[in-house]
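Colleague: turn this into a model:
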Amino acid sequence: MFDTGPASREAVAWAAPGVARTVDAAPCEPSAELRGVRELLDALRAGAPGALPDGQVVADAKAVFAAVEALQALGVRYLAEVDRRRLHGLDDCPTTSSWVRAQALPVTGAQVALARRLDALPLLADQLLSGRVPLVVAQGLQAALTRVRPHVDRPDGLIDGQPAEEALLGVVVDGVTGLVAESRGGFRTEDDARALRAELEAVHRSTGSELRRLEAAFLVLAGQVEADQLVPCLRQLTDALLPAQLEERARRAAEQAGLRLVPQWGSARTLLDAELSPECAERLHAVLQAELARDPEAALDTGAAARLRAQDLDPYDPELTCGRPRSRAERLHDAFSAMLGRYLAAGLGGQHDKQAVQVVVTVSADALEGRAGALPARGASGAHLPGSLVRRWACDSAVVRQVLDLRGRVVETSHTERTLKAHERRALVTQTGGVCQGAGCTRSGRDPAARMHAHHGSPWARTGTTSLADAVYLCERTHQDVHEGKVVRLKDGRRLGPDGWVT
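Modeller: So this is what the prediction gives:
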């Protein structure tokens with residue numbers, strides 16, 4: 001940061017297209033102020049925080065990060081000067097971005113974009129350099145203003161086809177006021193609402209350009225909402241200003257919509273690669289929210305997170321291996337899977353080729369029995385499936401048995417029922433009270449969100465029989481535990497494993 005280069009006086013060919021510009025590149029030391037900063041940093045590095053009292057460590061940590069924030073904002077101001085005066089040419093770099101990369105500076109693309117536009121946003125620059133606006137907030141404001149800039153201050157008096165003053169009034173006054181109220185859950189008093197509205201009306205009536213008035217209004221918004229709420233608010237305001245652009249984005253999204261399932265060979269994962277239209281995205285969101293709300297494991301996740309926080313642990317620390325609740329991404333995945341399962345179970349897919357739409361798996365008898373060297377089960381998608389999953393599915397599935405000759409041609413086919421008949425399932429529910437038979441488990445079929453299974457105590461793949469006497473009523477979690485190799489104790493004392501009864 002404080003290194004200086006060799007003395008030179010160069011003609012910078014890219015200072016302006018086709019025009020060489022001579023700049024004074026004589027080496028110089030950092031200014032006295034920055035030398036003082038360096039000396040202060042050296043003194044701080046030589047200190048030992050471990051020897052400080054607890055309260056002092058906390059106070060100093062806050063002060064250090066506040067200083068880092070201030071220095072980053074100052075760095076953006078210097079970066080703006082490098083860009084404005086084309087000083088990147090002194091290091092043989094054609095652009096500010098390439099200069100940042102060549103110097104290996106810890107500067108993001110968003111900071112470079114902010115620096116380039118800082119001179120055009122004087123209100124924002126003043127707020128940033130004075131420390132009244134954090135750098136991350138300034139970056140969000142700059143991005144929003146850059147997006148609307150091509151559409152404002154036009155000679156036709158329109159903003160994206162709307163009357164400019166009417167659109168500005170709606171966004172600057174009504175839009176900002178409404179979003180601030182929403183972010184707070186309503187204003188505490190009517191006087192608070194009137195004061196904010198009066199401030200925004202003054203911004204709207206000011207004589208500055210349309211861009212400058214939007215800049216002032218967005219800064220007012222930034223001072224009224226939490227930092228993590230700012231970007232969503234700015235998106236709403238810019239979409240209100242640019243409705244035709246919003247329509248065009250939605251049209252392109254619908255035209256480019258598509259979905260692919262991509263098996264990741266070498267792992268058990270399948271990548272869902274999707275570009276959703278707005279309509280499809282809203283439908284998916286609504287259904288996933290419904291599935292999340294009926295997720296029977298959600299209360300267990302909440303309880304696990306509370307217990308870990310009580311131990312001063314982060315429940316979602318990736319290094320935590322024991323008792324970690326599902327992350328939101330994991331819960332959404334499970335909700336998506338449950339949604340698809342509910343769709344199939346309800347028969348909503350109708351029939352295809354005279355058959356009900358269902359999950360189809362091809363598996364040999366050898367693989368189903370877990371014999372060495374057997375080819376893995378294959379799903380209709382082409383993905384290879386683990387034996388534990390297929391055996392778990394087989395507990396509730398109908399099987400089509402096919403015999404192949406040496407040429408690999410089917411010479412015999414038959415159907416075998418693998419599940420309890422309806423009256424037998426009702427009898428099993430009656431004798432268990434509809435409650436999972438796993439010891440300590442209270443999940444019940446009375447809960448519409450619970451998924452229950454009639455499990456073969458002795459694996460069907462080995463016995464070829466299905467009987468009420470050998471059936472066990474298990475919830476989804478306990479059923480999965482059995483098929484993943486765990487031994488489960490039942491309420492009556494019996495023990496059940498993946499290979500059947502354990503004696």
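Colleague: where does pLDDT dip in this structure?
Modeller: Within the chain, the ranges that satisfy pLDDT under 70 run 1-28, 321, 352-355, 395-424, 446, 448-449, 460-468.
Colleague: and it, what are its domain boundaries?
Modeller: The record's domain parsing of the chain by automatic domain parsing lists 28-246, 279-350, 420-502.
Colleague: just the CA coordinates for stretch 136-154, please, in CSV.
Modeller: Only the C-alpha atoms of stretch 136-154 are listed here, as CSV (Å, rounded to 0.1, in the frame of the first residue of the first chain):
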residue,chain,number,x,y,z
VAL,A,136,-22.1,-1.3,1.8
VAL,A,137,-25.1,1.1,1.9
ALA,A,138,-23.4,3.5,-0.5
GLN,A,139,-22.8,0.6,-3.0
GLY,A,140,-26.5,-0.3,-2.9
LEU,A,141,-27.5,3.4,-3.5
GLN,A,142,-25.0,3.8,-6.3
ALA,A,143,-26.3,0.6,-8.1
ALA,A,144,-29.9,1.8,-7.9
LEU,A,145,-29.2,5.3,-9.1
THR,A,146,-27.0,4.0,-11.9
ARG,A,147,-29.9,1.8,-13.0
VAL,A,148,-32.4,4.7,-13.3
ARG,A,149,-29.9,7.3,-14.6
PRO,A,150,-30.5,6.5,-18.4
HIS,A,151,-34.2,7.1,-17.9
VAL,A,152,-34.4,10.4,-16.0
ASP,A,153,-33.8,14.0,-17.0
ARG,A,154,-35.0,13.4,-20.5
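Colleague: so how far is His479 from the nearest residue to Ala471 once chain neighbours are set aside?
Modeller: Nearest residue to Ala471, sequence neighbours excluded (CB to CB, 6 or more residues apart in numbering): Ala454, at 4.9 Å. For glycine as for every other residue, the C-beta is placed from the backbone atoms N, C-alpha and C. Computed as CB to CB, to the nearest Å, the Ala454 to His479 distance reads 10 Å.
Colleague: so which elements touch the top helix by length along the chain?
Modeller: Across the chain, the longest stretch assigned as helix under DSSP state H is helix 54-84. On a contact count with 3 or more CB pairs under 8 Å, 6 or more residues apart in numbering; DSSP states H and E, helix 54-84 meets helix 96-102, helix 109-117, helix 122-129, helix 135-148.
Colleague: can you lay out the ones you listed as TSV showing mean neighbour count and distance to Arg391?
Modeller: Shown next, in TSV, are the helices and strands packed on helix 54-84 (neighbours: other CB atoms under 10 Å; distance: least, CB to CB, whole Å):
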stretch	mean neighbour count	distance to Arg391
helix 96-102	17	54
helix 109-117	19	50
helix 122-129	18	61
helix 135-148	21	51
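Colleague: if we can go back for a sec, partners of the residue nearest to Ala471 in the sheet?
Modeller: Tyr473 (DSSP bridges).
Colleague: surely it is in contact with Val472?
Modeller: Yes: assessed by CB atoms under 8 Å, Ala454 is found in contact with Val472 at 7.5 Å.
Colleague: more crowded one of those two?
Modeller: Just comparing Ala454 and Val472: by other CB atoms under 10 Å the higher neighbour count belongs to Val472, 24 against 20.
Colleague: neighbouring contacts of the helix or strand Asp191 falls within?
Modeller: Assigned by DSSP states H and E, Asp191 belongs to helix 190-205. Helix 190-205 is contacted by residues 168-169, 172-173, 176-177, 180-181, 187, 213, 216-217, 220, 224 when judged by CB atoms under 8 Å, 6 or more residues apart in numbering.
Colleague: got it, and stretch 111-118?
Modeller: The set of residues external to stretch 111-118 that reach it, using CB under 8 Å, 6+ apart, is 72, 75-77, 79-80, 82-83, 96-97, 100, 124-125, 128, 135, 138-139, 142-143, 145-146.
Colleague: same check on stretch 326-335?
Modeller: 288, 291-292, 295, 297-298, 301, 316.
Colleague: tell me who's in contact with Pro49.
Modeller: Counting by CB under 8 Å, 6+ apart, Pro49 makes contact with 57, 60.
Colleague: and it, how far from Val58?
Modeller: For Pro49 relative to Val58 (CB to CB), the value is 10 Å.
Colleague: same thing with Leu41?
Modeller: In terms of CB to CB, Leu41 sits 20 Å off from Val58.
Colleague: and the residue nearest the centre of the chain, what helix or strand is that in?
Modeller: Nearest to the mean C-alpha position of the chain, by CA atoms, centre = their mean, lies Ala329 at 7.1 Å. Element membership for Ala329, per DSSP H and E: helix 328-345.
Colleague: report the buried residues of that helix.
Modeller: Buried positions in helix 328-345, judged by neighbour count with 16 or more other CB atoms under 10 Å: 331, 334-336, 338, 342.
Colleague: how about the strands in the stretch 401-503 of the chain?
Modeller: Counting by DSSP state E, counting those that start in this stretch, the stretch 401-503 of the chain has strands at residues 410-416, 452-456, 471-475, 488-489, 495-497, 500-502.
Colleague: what helices or strands is the second one leaning on?
Modeller: In terms of contacts (3+ CB pairs under 8 Å, 6+ apart), strand 452-456 is packed against helix 422-432, strand 471-475, helix 476-483.
Colleague: can you give me the angle the shortest one makes with helix 422-432?
Modeller: Meaning strand 471-475. 70 degrees (axes from the mean of the first three to the mean of the last three CA atoms, to 10 degrees).
Colleague: identify the residues contacting strand 471-475?
Modeller: By CB under 8 Å, 6+ apart, strand 471-475 touches 420, 424, 428-429, 432, 434-438, 441, 443, 450-457, 482, 488, 490, 496.
Colleague: now those residues: which count as buried?
Modeller: 420, 424, 428-429, 432, 434-438, 441, 443, 450-456, 482, 488, 490, 496.
Colleague: angle of the longest helix of the chain against helix 122-129?
Modeller: 140 degrees.
Colleague: now helix 54-84 against helix 109-117, angle please.
Modeller: Using the same axes, to 10 degrees, helix 54-84 lies at 50 degrees relative to helix 109-117.
Colleague: how about helix 54-84: buried residues?
Modeller: Buried-residue list, helix 54-84, by 16+ other CB under 10 Å: 72-73, 75-76, 79-80, 82-83.
Colleague: and of the residues you listed, the nearest to Glu369?
Modeller: Gln72 (62.9 Å; CB to CB).
Colleague: what residues does the closest one make contact with?
Modeller: Per CB under 8 Å, 6+ apart, neighbours of Gln72: 111, 135.
Colleague: what do you get if the cut-off is 6 Å, keeping everything else the same?
Modeller: By CB atoms under 6 Å, 6 or more residues apart in numbering, Gln72 lies in contact with Leu135.
Colleague: what is the burial count for Glu319?
Modeller: Neighbours of Glu319 using other CB under 10 Å come to 6.
Colleague: residues touching it, list them.
Modeller: Residues near Glu319 by CB under 6 Å, 6+ apart: none.
Colleague: tell me which element it is part of?
Modeller: Glu319 belongs to no helix or strand when assigned by DSSP H and E.
Colleague: still on that earlier bit, okay if I get the domains of the chain as JSON lines plus distance to Arg378?
Modeller: What follows is these, written out as JSON lines (distance: least, CB to CB, whole Å):
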{"stretch": "domain 28-246", "distance to Arg378": "44"}
{"stretch": "domain 279-350", "distance to Arg378": "19"}
{"stretch": "domain 420-502", "distance to Arg378": "17"}
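Colleague: name the residues of stretch 281-289 that are buried.
Modeller: Leu288.
Colleague: now do stretch 268-283
Modeller: Of the residues in stretch 268-283, those buried (16+ other CB under 10 Å) are 276-277.
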